[in-house]
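Novice: Structure for this input, please:
(chains A and B)
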2 protein chains.
Amino acid sequence: MSPARPALVVGIDPGTAVTGYGVVSCAGRAPALVECGVVRTPADAPLAERLAAIHEGIVGVLARHRPDTVAVEGAFYAKNVRTAIVLGHARGVILLAAQQAGAALRECAPADVKKAVTGSGAATKAQVQFMVARLLRLAHPPEPADAADGVAIALCAALAPPLPTLPSPRRIPR
Amino acid sequence: MSPARPALVVGIDPGTAVTGYGVVSCAGRAPALVECGVVRTPADAPLAERLAAIHEGIVGVLARHRPDTVAVEGAFYAKNVRTAIVLGHARGVILLAAQQAGAALRECAPADVKKAVTGSGAATKAQVQFMVARLLRLAHPPEPADAADGVAIALCAALAPPLPTLPSPRRIPR
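Specialist: Numbering: from 1, shown residues only, chains lettered A, B, ... in the order given. As a prediction, this is how the structure comes out:
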């Protein structure tokens, strides 16, 4: 038994300055773009304020569309500890918003996103954008680029349903 | 002009498994412990669920006490990128809760916390716990240890008011 294909996916590309998102419907024979955009935060605002803006923006997107699945880019590739922590903050409030909305959460590694839309995990950014437009029958790739990244992540979850999962092993109490 | 001393501080030591907190009042002549405790999350729960539990727990503490200042341990010391990202997630939902509660946020580096309560940035954990108990006139250090860490962070913000800050420089638009 394989898990059901999601009906409506919101893909999110987290960032403290710009968080991109894409909403993809899988109701028809082929996936279709419903909406995409970005949540921008003021560059001179303190981190807590920016996190509140990201959380509020994503809560708004999820409330409007009520997706069954939220896909977020896996964060295993940050350049250094400092970058990783800041990126973790943004991902944290996004995972919180997904959990509060009751959506299933899917984490997609960057290479899986590329592979799902282009067939190669080593595809270039331009190739990904070209294929996002082609798969969704758009005249040109979604803009800005962060929104297109969100759409690609949503497509990854929409096109490649996850493998069936086993429940996490329980820790043996000491 | 130096910034006012906070009246009520909640100090938080973020962690995905155990988040410790301490509430310290500065209304009297010496700081006093109001409450301390931990938010524990189930070890077998997915990260998003654990983040929601941390957020809910801290939102509850802040709603009960309405502190003017929330102090969080600075996170510049993670062992590796993976640890840093996960810690960043927990800090993200805590900063969000502080922002949503309208409290001023104070970040305290681990060495500053140690220095504020023991006089040395290189103090041992036992020394910190001993001094936390002494400064707050307690018979023994707060338990569990994560709660004591939260109290020490609150004490750091309570005893050492921040230096006056200048507004962030605005970026010159291109």
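Novice: Show me which residues of chain A sit near chain B.
Specialist: A:43-44, A:46-49, A:51-52, A:55, A:75-76, A:78, A:80-82, A:84-93, A:95-96, A:98-100, A:105, A:168-171 (Cβ under 8 Å from any Cβ of the partner chain). (C-beta placed from N, C-alpha, C; glycine too.)
Novice: Buried members of those into PyMOL, please.
Specialist: Here is the PyMOL command that selects the buried residues among the residues of chain A next to chain B (16 or more other Cβ atoms under 10 Å in any protein chain shown):
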select buried, chain A and resi 47+48+49+51+52+55+75+78+81+84+85+86+87+88+89+90+91+92+93+95+96+98+99+100+105
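Novice: tell me which element the closest residue to chain B within chain A falls in.
Specialist: Across chain A, the shortest distance to chain B (Cβ to the nearest Cβ) belongs to A:G88, at 2.0 Å. Here A:G88 sits within helix A:81-100, counting by DSSP states H and E.
Novice: Following the chain onward from that helix, which element is next?
Specialist: Counting by DSSP H and E, the next helix or strand C-terminal to helix A:81-100 is strand A:104-108.
Novice: could you give me the average pLDDT of that following strand?
Specialist: Regarding strand A:104-108, the rounded mean pLDDT is 93.
Novice: Could you spell out the sheet neighbours of it, each with its direction?
Specialist: Partners of strand A:104-108 in the sheet, by DSSP bridges, are strand A:69-73 (parallel).
Novice: residues in contact with the partner strand?
Specialist: With contacts defined as Cβ atoms under 8 Å, 6 or more residues apart in numbering or on different chains, strand A:69-73 is touched by A:6, A:8-14, A:62, A:91, A:94-95, A:98, A:101, A:103-110, A:113, A:149, A:153-154, A:156-157.
Novice: returning to what we had before: dump the residue contacts of the residue nearest to the residue of chain A closest to chain B when sequence neighbours are not counted.
Specialist: The spatially closest residue to A:G88, leaving aside those adjacent along the chain, is B:G88, at 2.0 Å (Cβ to Cβ, 6 or more residues apart in numbering or on different chains). By Cβ under 8 Å, 6+ apart, the residues touching B:G88 are A:A84, A:I85, A:V86, A:L87, A:G88, A:H89, A:R91, A:G92, B:A75.
Novice: what's the closest of these to A:V117?
Specialist: A:R91 (21.4 Å; Cβ to Cβ).
Novice: Test my guess that the closest one contacts A:P14.
Specialist: Yes. At 4.7 Å, A:R91 counts as touching A:P14 under the criterion of Cβ atoms under 8 Å.
Novice: Quick check, pLDDT for A:A30.
Specialist: On pLDDT, A:A30 comes in at 89.
Novice: on that earlier part again, now that we're looking at the residue of chain A closest to chain B, how far away is B:L159 from it?
Specialist: As judged by Cβ to Cβ, to the nearest Å, A:G88 and B:L159 stand 29 Å apart.
Novice: Repeat that for A:V23.
Specialist: 49 Å.
Novice: Pick out whichever of those two has more residues nearby.
Specialist: A:V23 (22 against 16; other Cβ atoms under 10 Å in any protein chain shown).
Novice: who's in contact with A:E107?
Specialist: A:E107 neighbours (Cβ under 8 Å, 6+ apart): A:A71, A:V72, A:E73, A:G74.
Novice: Am I right that A:V34 is in a strand?
Specialist: Yes. Assessed with DSSP: H, G, I helix; E, B strand; the rest coil, A:V34 lies in a strand.
Novice: Next, count neighbours for it.
Specialist: Neighbours of A:V34 (other Cβ under 10 Å): 19.
Novice: Tell me the secondary structure of the nearest residue to it once chain neighbours are set aside, please.
Specialist: Spatial nearest neighbour of A:V34, chain neighbours left out: A:V23 (4.1 Å); criterion: Cβ to Cβ, 6+ apart. Following three-state DSSP, we place A:V23 in the strand state.
Novice: pretty sure A:T118 contacts A:Q127?
Specialist: Yes. Here A:T118 reaches A:Q127: they are 5.1 Å apart, a contact under Cβ under 8 Å.
Novice: higher neighbour count, those two?
Specialist: Using other Cβ under 10 Å as the criterion, A:T118 and A:Q127 rank with A:T118 on top: 20 against 15.
Novice: how about stretch A:14-30 as PDB, C-alpha atoms only?
Specialist: C-alpha atoms of stretch A:14-30 as PDB (Å, rounded to 0.1, in the frame of the first residue of the first chain):
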ATOM      1  CA  PRO A  14      12.500  29.200   4.000                       C
ATOM      2  CA  GLY A  15      14.700  32.300   4.400                       C
ATOM      3  CA  THR A  16      14.800  35.100   7.000                       C
ATOM      4  CA  ALA A  17      14.900  37.800   4.300                       C
ATOM      5  CA  VAL A  18      12.700  36.200   1.700                       C
ATOM      6  CA  THR A  19      10.600  33.100   2.100                       C
ATOM      7  CA  GLY A  20       9.200  31.800  -1.200                       C
ATOM      8  CA  TYR A  21       6.000  29.700  -1.400                       C
ATOM      9  CA  GLY A  22       4.000  27.900  -4.100                       C
ATOM     10  CA  VAL A  23       0.600  26.400  -4.000                       C
ATOM     11  CA  VAL A  24       0.100  23.400  -6.400                       C
ATOM     12  CA  SER A  25      -3.200  21.500  -6.900                       C
ATOM     13  CA  CYS A  26      -3.100  17.800  -7.900                       C
ATOM     14  CA  ALA A  27      -6.800  17.500  -8.300                       C
ATOM     15  CA  GLY A  28      -6.700  17.300 -12.100                       C
ATOM     16  CA  ARG A  29      -4.700  15.000 -14.400                       C
ATOM     17  CA  ALA A  30      -1.600  17.100 -14.200                       C
END
